[in-house]
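Asker: Just to be clear, the model below is a prediction. Sequence and coordinates:
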Amino acid sequence: MFIGRKEERKSLESVYATDRSNLLVLYGKEGIGKTALALEFAQNKTTLYERFLPAGDKEHESLVNETLEKIKNGDFRSEEKTVLILDEFHHIESKKILSDIVYIISNEDKCGRFMILMLSSSINYVENSMILLDRDFASSITGIVKIQPISFAQMVEWFPNQTVEECIIIRSILGGIPKYLLMWDRSKGIRENIINLFLTRRSPLIDEPEAVLRKELRELSSYNTILISLGRGLIKLNDLFLSTGYSRAKISVYIKNLIEIDVVEKLLSANVKNAENTMKGLYRISDSLLSFYYAFVYPNITKIELGKGSEIYDEIIAPSLNSYLRPFFADVCREYLDLMSQYGKLDHEYSHWETWYGKKGTIDIVGYDEKNNMICGLCSFEDNMATILMMAELKALTAQAGIKKCVYCLFSKDGFDAATEELVKTGEVITASLKDF
């Protein structure tokens, strides 16, 4: 069963409904569901599908050229618009194929009306190389759509029999990537799944990060050095400089390349009054799978080879998993607040969501509306009830940031103590636990 992607399908249908031919580029990480989305959309429509193989397969390109020649000759002309899906098109070597695509889009009278969907899992190619290939091809593109990981709400649809806590953990490890989510054994618990997927010699995901990076990058050993440092929690540029021994200039270039392929992100702190208390030059691994891999798997490859997967989980992963999950839990909490805001459940319609990285702590959630009304929150994924001290910490951090007026909100996996609940009754703070999710 195909789950989610309602907005994406709606957008595709609206383009398909137009009278003219169209060319759309859909791109995103491998396994994110581009092909599944395109084929689901194409159901009950006249459809042609071609998947390009890695560069150098001249025989396959010859077959594609044959199909395009038939289209140009009008062999597939019909009353309704035909969907042509060209999958992994970044492998195209022949410029003639691009010229043929432009011809098909520009000559409806002869070819018929077509909606051409060009799919690619190479983010770097689409964002940095594609439009340089052919000016006519670039000008023929109707739209470029980056397919994002599925939302947490859609994750819950994927796993209807798992608890909210389990869904958060699964998302923090595998991201919203359907290819990886399908590997999760729903009949087994967190521990067994992590061991089976990552911590044995034949684990299906133990070599996946390297395979992902090799498709986009060279000098993998140098990138590994930076990623292992980020995985250890060294997120400041100066810390990376001290840890890796690379020059700041080299690190900056490598970080830029990792950002371009959606592996690393620069952490932009919320703009606050007391900028002097804000940390700058921060980075983190944004890809959930790679984040988990470089935090827990890569440093323990030798032990995995020795068959000590259970020991790695029990002694290394389990004790630190909850603290590791905090930023991922915060992402889910922001999504929760955003939905609450959209449905009018909050005092204002907050539409901008950020994080403040202070020198003495982090405000996980900083939301504000068009009139600069603010909501600030902390998130805890620890195995114990949050106390009134969490509220005191939030107030101290907002004071350091120079935020004088805001709505306070607290999120805790296991709920709150009586003192905090009393503050809820007075309206001083909004709280939510996993039960509320």
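Answerer: On my side now, so go ahead.
Asker: rest of the way, CA atoms for contacts and neighbours
Answerer: OK.
Asker: Let's verify residue 378: helix, strand, or coil?
Answerer: Assigned by DSSP: H, G, I helix; E, B strand; the rest coil, the conformation of residue 378 is strand.
Asker: My error: substitute residue 204 in the last question.
Answerer: coil.
Asker: What's the local residue count around it?
Answerer: Neighbour count for residue 204, taken as other C-alpha atoms under 10 Å: 14.
Asker: Quick one: the strands in the stretch 201-350 of the chain, in order.
Answerer: Ranges of strands within the stretch 201-350 of the chain are 264-267, 282-285, based on DSSP state E, counting those that start in this stretch.
Asker: Please identify the deepest-packed of these.
Answerer: Most buried of the strands of the stretch 201-350 of the chain, by mean neighbour count (mean count of other C-alpha atoms under 10 Å): strand 282-285, with a mean of 20.
Asker: Summarise which helices and strands that strand is packed against.
Answerer: Helices and strands touching strand 282-285, by 3 or more C-alpha pairs under 8 Å, 6 or more residues apart in numbering; DSSP states H and E, are helix 220-231, strand 264-267.
Asker: Among these, which comes closest to residue 306?
Answerer: Closest approach to residue 306 among the helices and strands packed on strand 282-285 (C-alpha to C-alpha): helix 220-231, 20.8 Å.
Asker: Quick check, pLDDT for residue 113.
Answerer: As predicted, residue 113 sits at a pLDDT of 96.
Asker: my read: it touches residue 80, true?
Answerer: Yes - when contacts are counted by C-alpha atoms under 8 Å, residue 113 is listed as touching residue 80 (7.3 Å).
Asker: Which one's more surrounded, these two?
Answerer: The residue with more neighbours, out of residue 113 and residue 80, is residue 113; 24 against 12, by other C-alpha under 10 Å.
Asker: residues touching the residue nearest to the spatial centre of the chain, list them.
Answerer: Geometric centre of the chain, nearest residue: residue 149, 4.6 Å, by C-alpha atoms, centre = their mean. Residues near residue 149 by C-alpha atoms under 8 Å, 6 or more residues apart in numbering: 32, 175, 176, 177.
Asker: Could I get the full set of helices for the stretch 51-200 of the chain?
Answerer: Secondary structure of the stretch 51-200 of the chain by DSSP state H, counting those that start in this stretch: the helices cover 58-72, 95-106, 108-111, 123-124, 130-133, 135-140, 152-158, 164-174, 178-181, 190-198.
Asker: For residue 369, find the nearest of these.
Answerer: helix 152-158 (22.7 Å).
Asker: Now that closest one: buried residues?
Answerer: Neighbour counts over helix 152-158 (16 or more other C-alpha atoms under 10 Å) mark 152, 155, 156, 158 as buried.
Asker: I'd like to know which elements that helix is packed against.
Answerer: helix 164-174.
Asker: Residue 390 belongs to a strand?
Answerer: No - under three-state DSSP, residue 390 falls outside any strand and is assigned helix.
Asker: show me the contacts for it.
Answerer: Residue 390 makes contact with 378, 410, according to C-alpha under 8 Å, 6+ apart.
Asker: Next one: the spatially closest residue to residue 380 that is not a sequence neighbour from residue 433, what distance?
Answerer: Nearest residue to residue 380, sequence neighbours excluded (C-alpha to C-alpha, 6 or more residues apart in numbering): residue 412, at 4.7 Å. Counting by C-alpha to C-alpha, to the nearest Å, the gap from residue 412 to residue 433 is 5 Å.
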